[in-house]
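> need the 3D shape of this:
(2 chains)
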Amino acid sequence: DTAVSQTPKYLVTQMGNDKSIKCEQNLGHDTMYWYKQDSKKFLKIMFSYNNKELIINETVPNRFSPKSPDKAHLNLHINSLELGDSAVYFCASSRQGGREQFFGPGTRLTVL
Amino acid sequence: KQEVTQIPAALSVPEGENLVLNCSFTDSAIYNLQWFRQDPGKGLTSLLLIQSSQREQTSGRLNASLDKSSGRSTLYIAASQPGDSATYLCADQLTGNTGKLIFGQGTTLQVKP
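This is a model prediction of the structure:
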């Protein structure tokens, strides 16, 4: 039983394209997150949603737009991809903000 | 601004040794601190969560401690095994319940048979 799942696992695309990454959790959590892990393996939060409401929006370019259709899903859409967007993107969830977070397997995005 | 630091960046030990991984943070107003394990090319696995009111948590061969006054947490691994080889990350959340985890850079552990 997969707790937090992401699709796709790998994404290779050209600069300027638009792409989406999907995340789903079956833990019954009401808070979901997107984190970015850069080439130096440093992890930083991007967004957080609680009950489909945006709670955290770090200084992320507005080319990145999260969408939460329901509590179990948090998708990340990226417009006009740039080389610097290449990274591993992790989705996570928790019962509520401040609780233990559980991470998905990550999506490795490569922009050529 | 909260900063989380993990030293050393890498550690290599022989199998069977007990070891301690260190994590320090600059702002003591934390809500909780979480230790994770990351295997190469994989996601993060939650190991232990310590609430700000707690001093330590234990799970099997792992024991995590928290000292808010000194801004430090340690992860103790007893009787290390080659399967423990991975990168260990600590992350804390500041008071406010936003869920924003602030990560350290991680310690990459290699346990040699």
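
> give me the distance from the lowest-mean-pLDDT helix or strand in chain A to the chain's centre.
Sorting the helices and strands of chain A by mean pLDDT, DSSP states H and E puts strand A:53-57 at the bottom, at a mean of 86. How far strand A:53-57 lies from its chain's middle: 13 Å, per CA atoms, centre = their mean, to the nearest Å.

> that one: what's the following helix or strand?
Past strand A:53-57, heading to the C-terminal end, the next element that is a helix or strand (DSSP states H and E) is strand A:64-70.

> which outside residues touch whichever helix or strand comes after that next one?
Next helix or strand after strand A:64-70 toward the C-terminus (DSSP H and E): strand A:73-78. Outside strand A:73-78, the residues that touch it by CB atoms under 8 Å, 6 or more residues apart in numbering or on different chains are A:18-25, A:32-34, A:46-47, A:49, A:63-69, A:85, A:89, A:91, A:109. From N, CA and C alone the C-beta is placed, and that goes for glycine too.

> among the residues you listed, name the buried ones.
A:19, A:21-25, A:32-34, A:46-47, A:49, A:64, A:66, A:68, A:85, A:89, A:91, A:109 (16 or more other CB atoms under 10 Å in any protein chain shown).

> can you narrow those to ones near chain B?
A:Tyr33 (CB under 8 Å from any CB of the partner chain).

> listing request: residues of chain B with sub-threshold pLDDT.
B:96-97 (pLDDT under 70).

> interface residues of it facing chain A?
Residues of chain B lying near chain A (CB under 8 Å from any CB): B:31-32, B:34, B:36, B:42-46, B:49, B:87, B:89, B:91, B:93, B:96-103, B:105-106.

> ok, now with 10 Å
Residues of chain B lying close to chain A by CB under 10 Å from any CB of the partner chain are B:31-32, B:34, B:36, B:38, B:41-46, B:48-49, B:51, B:87, B:89, B:91, B:93-106, B:108.

> can you say which of those residues are buried?
Buried among these (16+ other CB under 10 Å): B:31-32, B:34, B:36, B:38, B:43-44, B:46, B:48-49, B:87, B:89, B:91, B:93-94, B:97-106, B:108.

> show me these that map onto strands.
B:31-32, B:34, B:36, B:38, B:44, B:46, B:48-49, B:87, B:89, B:91, B:93-94, B:101-103, B:108 (DSSP state E).

> in strands, which of the contacts of strand A:73-78 fall?
Per DSSP E, the contacts of strand A:73-78 map to strands at A:19-25, A:32-34, A:46-47, A:49, A:64-69, A:89, A:91, A:109.
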